[in-house]
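Visitor: sequence unknown, structure follows:
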């Protein structure tokens with residue numbers, strides 16, 4: 001009888017969990033319902049996609065035995081042995097779709113090299129990178145306002161990234177794009 005109560009208690013603990021929302025959304029009064037451009041690690045990206053608002057999902061952490069979390073952002077290094085360069089893919093997720101920004105980067109790129117993008121304006125022309133939405137590639141521009149990344153053996157990867165972007169593809173147009181995220185090991189895959 002006691003073991004049944006323990007099993008029931010574990011099942012309830014696994015199903016019932018607490019959550020923490022790590023996204024802070026401040027509405028831009030001049031571009032509703034987008035978020036304001038910020039550099040505080042608010043964990044949000046917003047833009048107009050074909051004239052309609054696109055806002056990433058909230059970054060949530062769930063605590064419980066069977067719990068998972070949700071992320072609005074993924075940054076992955078994709079290394080290819082047969083190519084002269086590697087690829088850095090930044091993906092933003094909404095409830096129903098995603099927007100990718102893909103950058104060609106040097107071989108042997110390391111997480112600390114992200115700091116070199118801080119303050120840089122980059123034109124993605126299809127050769128050095130591209131934007132992608134709904135399977136379609138496009139060109140555009142990105143301004144990395146801030147990128148600060150540090151790797152520490154005790155705490156892992158920590159940092160912040162913010163910037164502005166616009167892009168155009170055959171079937172999409174992105175305007176007034178702005179992003180502001182804190183970075184950690186769950187977000188960065190190197």
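Guide: Thanks, I have the structure now. Note that the structure is a prediction, hence the values are computed from the model and not measured.

Visitor: just the helices in this protein please.
Guide: 2-15 (DSSP state H).

Visitor: how about low-confidence regions in it?
Guide: The chain contains residues with pLDDT under 70 at 1-17, 63-69, 81-82.

Visitor: how distant is the longest strand along the chain from the center of its chain?
Guide: Taking DSSP state E as the criterion, the chain has its longest strand at strand 136-152. Remark: strand 136-152 is offset 10 Å from the chain centroid, using CA atoms, centre = their mean, to the nearest Å.

Visitor: For it, which residues meet the burial criterion?
Guide: For strand 136-152, a neighbour-count test (16 or more other CB atoms under 10 Å) marks 137, 138, 139, 140, 142, 143, 144, 145, 146, 147, 149 as buried. From N, CA and C alone the C-beta is placed, and that goes for glycine too.

Visitor: now stretch 30-45
Guide: Those buried within stretch 30-45 under the rule 16+ other CB under 10 Å are 31, 34, 35, 36, 37, 38, 41, 42, 43, 44, 45.

Visitor: mind checking how far it is from the chain centre?
Guide: Worked out by CA atoms, centre = their mean, stretch 30-45 lies 13 Å from the chain centre.

Visitor: Please list the residues outside that stretch that contact it.
Guide: Residues outside stretch 30-45 that contact it (CB atoms under 8 Å, 6 or more residues apart in numbering): 22-28, 46-48, 53, 55-56, 58-59, 72-73, 92, 99, 145-146, 160, 162, 164, 176-182.

Visitor: if you set the cut-off to 6 Å instead, what comes out?
Guide: 22-26, 28, 46, 53, 56, 59, 92, 145-146, 160, 162, 176, 178-182 (CB atoms under 6 Å, 6 or more residues apart in numbering).

Visitor: Out of those residues, name the ones that lie in strands.
Guide: Judged by DSSP E, those include 46, 53, 92, 145-146, 160, 162, 176, 178-182 as members of strands.

Visitor: Now render these as a markdown table, adding distance to residue 127.
Guide: Output for those, formatted as a markdown table (distance: CB to CB, whole Å):
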| residue | distance to residue 127 |
| --- | --- |
| 46 | 28 |
| 53 | 31 |
| 92 | 23 |
| 145 | 24 |
| 146 | 26 |
| 160 | 29 |
| 162 | 26 |
| 176 | 25 |
| 178 | 25 |
| 179 | 23 |
| 180 | 28 |
| 181 | 27 |
| 182 | 31 |
